[in-house]
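Novice: Starting from these lines, generate the structure:
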Amino acid sequence: MVLPPVATTPVMLMRFTPEAGRAVIETVIEALTKGGIIIIDSEGLYDDDGNIVGGGSSVGEESRSAVVLGLTTTQKLLENEAEVIRLAKPSRTSQRHIPFIMEHFSSQARQDFVHIGHATKGMDRRLVPWLERESDDFYDEHGLFTPAERALLLESMIAAIPAPKSLEAGQNRKVASSLVGEAYTKLTNSAVGAACHKMRQRALLKRALSGMGDYEGHTSTLVEVLHQSRYIDVVAPIHIPHLKKRILQGTKSITKAPPLQAIRDYYGEGIAFYFAWMHHMIQWYVVPGVVGMVVNLLRTYCGSTVDTCNLTPFVGLITFCWAVVCNRCWERREAELAYNWGTFSLTDGDRRSLGMRHGFKGKMQRSPITGRMERFYPSSKRRMKYVASTMITLFLLACACVVLVISMNLQGYVSRGEEGHPLYFPFFAQLAEEGGIFDAKSTWRGFLPVILRAIVVVNMNQRYSQIAEKLTEWENHETTLEHQNSVILKRVLFEAFDAYMILFYLAIYERDINLLRLELVGAFNIDTLRRVSMECVFPYMIKYFKKDPACAVSASKKDDDLEKKSTGRYLSSEADLEEYDTFDDYIEMLIQFGYVTLFASAYPLAAFIAIGANSIEIRTDAWKLTYLFRRMIPVRANDIGTWKWSLNTFAWLAASSNLLIFAFTSSQLRQWLPHYYVTDEVSGHSVPKASHEILLVVLIIQNCLVTIVTIGRNAISSTPECISVEVQKW
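Specialist: This next block holds a predicted model:
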């Protein structure tokens, strides 16, 4: 079953807000039509008399009929757009030993790009080792484009449509109206006498009434103006019911890999890379998971503890080596997938042209490179905003530090006997004393502060995510990629600080392996349980009780997509779905990776638990994409972006953190070098006779280990040989 003809099926939808009047909608339809876009379906566009209505009309206060357009185009225009954006696809060649190579699409040679899935059946795999098998179901009737490519090309066409002058003038009038209101308010509230003040207000009014200012020579696109004027709120691809459910079915098997090619063909490379990385991590967690399980069983059999076990240090060292090699092998997998999906040679220029951010603001001026009018924002202003964002983030980190210090007092990590302790707060510390509300010696009371801290930390992270988004928006990045990287940097720093600060305090300052293990086990297990609950239980409950609880049972028994179409409001139903973002999923996996690698010597079983949690999450993510979220606009990508840098940072830090636990926090090194340690009479912990000697031993081990791992990592090429050969053919 191939895809239906593009000219007869809506590929994307556009929903107008109540602010869009009839004139705006008529102008948009006219602009879309001139740009080669076909309005093949609509909801709420016409009234009973057949006249175009506004963007939304209120009936009482509870219901609103929004205008939603179903958009598509012709096959010929899709092929032309594929040439414009230089879409890379497998192409046949006339040479027998080179049956296929990746080339930029050309309509003149369109027959060479026709779906090649059948052509590779029975072929020697050595001739096309990089090519994954494809299905006819994910191609159009011409065998050229997948659903994701259709959506990508149509979105590119829509994004290239220039804004009509009337819409630009309307946007200027909205800005002018706000400026007039501001000026009028200032004039009425100010003293009448100040002549200079009057002159300033007159200048402000003159600028407002002229409606020009920074908009002179403005050449915005249609979608850009509609978003900035808040005339539209959703532009997204439309789900194809039988394909999305087929993908969901393919993710249910525990023994099989997720259908990455199908996910890419339907959702695009951005989502596909996330699922590929999740599956990669599940497979690679098996190594430290098995090592940790074996060491834990041997330790239990021998009757030793994590403090005195002479095998546990090797878990940390093996985990460090594993983390570096794991990330390197992921780079190889990225290269393989990127070439297979036609994005291996995706340049920054390609990302830039396809990832311009709608919210970017600046002054229009002629580019010295292209000669066209482009929006420009001084980098000096952005650097000043970077400084301000850094100061705000540091202040919020200080606030988070106060919360975590209070938590340490409530958990009994800072006791009354340490009144000289710089982090000792008597009011909170006494609550953890024997008989207190959070008695640290009690089995269940001592666990309450851990749960409370987990709730508070999640709340803080959610609040900061909103602040980070606003700060990044204020920094005014030009491209979506730059915007995302800035948000990632802020949130990784903040959430990593929340997750690991107490652990590093216990490892470095307290040097108590038992407290470190207790805190790590509680924090990791609670975070894992929260993720599984949020990813599995809550989404199902949201779907089950969504909108009308009375219809929940019937809705669960019927096909949701057929029900939407029977009501004639499938476009509105699609637009009402939430927008999916992989950001939270990535950062949760990153924090988990930090727990597993940075503190492997304290909790060897963390990797084993991560396998089960991630196996559940990858399937619930596919379920959520199917039922709870609308399709994302496909994002062309050749890797997972800045997340890879964060993973490598954690991997290399794992050497230092595990050696720190090995030598100073626990008695693990004492099992191998007993003559370098003595037992402290007060705490009963092992302490070095001479710290500088132990530090020298640690540095020698670390440098040797890092050198060996670096040599091993560099011996593994980041690009498989077969891909390197194919790239040279291109």
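Novice: Give me the below-cutoff pLDDT ranges for the stretch 1-150 of the chain.
Specialist: Applying pLDDT under 70 to the stretch 1-150 of the chain flags residues 1, 49, 54-65, 94-99, 115-136.
Novice: what are the phi and psi values for the residue nearest in space to the middle of the chain?
Specialist: Centroid-nearest residue in the chain: Phe583, 2.1 Å away (criterion: Cα atoms, centre = their mean). Torsion angles at Phe583 (phi, psi; degrees, to the nearest 10) stand at phi -60, psi -50.
Novice: The nearest residue to Arg569 once chain neighbours are set aside and Ser573, how far apart?
Specialist: Leaving aside its sequence neighbours, Arg569 sits nearest to Glu43 (Cβ to Cβ, 6 or more residues apart in numbering; 5.9 Å). Placement of C-beta: from N, CA and C, glycine included. Taking Cβ to Cβ, to the nearest Å as the measure, Glu43 falls 10 Å from Ser573.
Novice: hmm, back to that, now do the contacts for the residue nearest to the centre of the chain.
Specialist: By Cβ atoms under 8 Å, 6 or more residues apart in numbering, the contact list for Phe583 reads Gln484, Val487, Ile488, Arg491.
Novice: Can you tell me how far Phe438 is from Leu529?
Specialist: 20 Å.
Novice: swap in Ser42?
Specialist: 46 Å.
Novice: the more surrounded of the two?
Specialist: Taking neighbours as other Cβ atoms under 10 Å, Ser42 and Leu529 compare with Ser42 leading, 19 against 12.
Novice: what helix or strand does Ile609 sit in?
Specialist: helix 606-627 (DSSP states H and E).
Novice: What of Glu224?
Specialist: Remark: Glu224 resides in helix 222-228, with elements defined by DSSP H and E.
Novice: Ala468 - how many residues pack around it?
Specialist: So Ala468, with other Cβ under 10 Å, has 24 neighbours.
Novice: Same question for Ile52.
Specialist: By other Cβ under 10 Å, neighbour count at Ile52 equals 15.
Novice: cool, His358 as well?
Specialist: Using other Cβ under 10 Å, the number of residues around His358 comes to 15.
Novice: what sits against it?
Specialist: Val223, Glu224, His227, Gln228.
Novice: Hmm, the second one is touching Ala163, no?
Specialist: Yes. The pair Glu224 / Ala163 is scored as a contact, 6.9 Å apart, by Cβ atoms under 8 Å.
Novice: Check which helix or strand Gly143 maps to.
Specialist: Assessed by DSSP H and E, Gly143 sits outside every helix and strand.
Novice: so how far is Leu3 from it?
Specialist: Distance, Gly143 to Leu3, by Cβ to Cβ: 10 Å.
Novice: And those two? Which one has more around it.
Specialist: More neighbours surround Leu3 than the other of Gly143 and Leu3, with 20 against 17 (other Cβ under 10 Å).
Novice: Could I get the phi/psi values of Gln702?
Specialist: Per degrees, to the nearest 10, the backbone of Gln702 is at phi -60, psi -50.
Novice: actually Pro162, sorry about that
Specialist: Residue torsions, per degrees, to the nearest 10, at Pro162 are phi -70, psi 150.
Novice: what's the neighbour count on it?
Specialist: For Pro162, using other Cβ under 10 Å, the count is 16.
Novice: How about it: which residues does it bridge to?
Specialist: Using DSSP bridges, the bridge partners assigned to Pro162 are Thr221.
Novice: what's in contact with the helix holding Glu224?
Specialist: 20, 28, 31-32, 35, 158-159, 161-164, 167-168, 171, 220, 231-232, 235, 358-359.
Novice: Restricted to buried residues, select those residues in ChimeraX.
Specialist: To isolate the buried members of these in ChimeraX, using 16 or more other Cβ atoms under 10 Å:
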select :20,28,31,32,35,158,159,161,162,163,164,167,168,171,220,231,232,235
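Novice: which residues of the stretch 351-500 of the chain fall in strands?
Specialist: All strands of the stretch 351-500 of the chain, identified by DSSP state E, counting those that start in this stretch, fall at 363-366, 373-376.
Novice: and what of the chain?
Specialist: For the chain, strands defined by DSSP state E occupy the ranges 12-16, 38-43, 56-59, 63-66, 68-72, 88-92, 100-104, 232-237, 363-366, 373-376, 578-579, 629-630, 677-679, 686-688.
Novice: The fifth one: partners in the sheet, and parallel or antiparallel?
Specialist: Strand pairing for strand 68-72, determined by DSSP bridges: strand 12-16 (antiparallel), strand 38-43 (antiparallel).
Novice: hmm, who's touching that strand?
Specialist: By Cβ under 8 Å, 6+ apart, strand 68-72 touches 6-16, 29, 32, 37-45, 154, 158, 238, 571-572, 575.
Novice: filter those residues to the buried ones?
Specialist: Buried among these (16+ other Cβ under 10 Å): 6, 9-16, 29, 32, 37-45, 154, 158, 238, 571-572, 575.
Novice: What is the burial count for the closest residue to Glu469 other than its chain neighbours?
Specialist: Residue nearest to Glu469 in three dimensions, not counting chain neighbours: Val487, with 6.2 Å by Cβ to Cβ, 6+ apart. Look at Val487: counted by other Cβ under 10 Å, it has 20 neighbours.
Novice: Quick one: residues contacting Val487.
Specialist: Contacts here follow Cβ under 8 Å, 6+ apart; on that basis Val487 touches Ala468, Glu469, Thr472, Phe583.
Novice: Count the neighbours of the second one for me.
Specialist: Applying the criterion other Cβ under 10 Å, we find 16 residues in the vicinity of Glu469.
Novice: And Asp48, by the same measure?
Specialist: Asp48: 6 neighbours (other Cβ under 10 Å).
Novice: Equivalent analysis for Leu605, please.
Specialist: The number of residues packed near Leu605 is 19, by other Cβ under 10 Å.
Novice: ok, longest helix in the protein?
Specialist: When the chain is parsed with DSSP state H, its longest helix is helix 379-410.
Novice: What residues sit buried inside that helix?
Specialist: The neighbour-count check on helix 379-410 (16+ other Cβ under 10 Å) flags Ser389, Ile392, Thr393, Leu396, Ala400, Leu404, Val405, Ile406, Ser407, Met408, Asn409, Leu410 as buried.
Novice: still on that earlier bit, quick one: the residue nearest to the centre of the chain from Asp265, how far?
Specialist: Counting by Cβ to Cβ, the gap from Phe583 to Asp265 is 23 Å.
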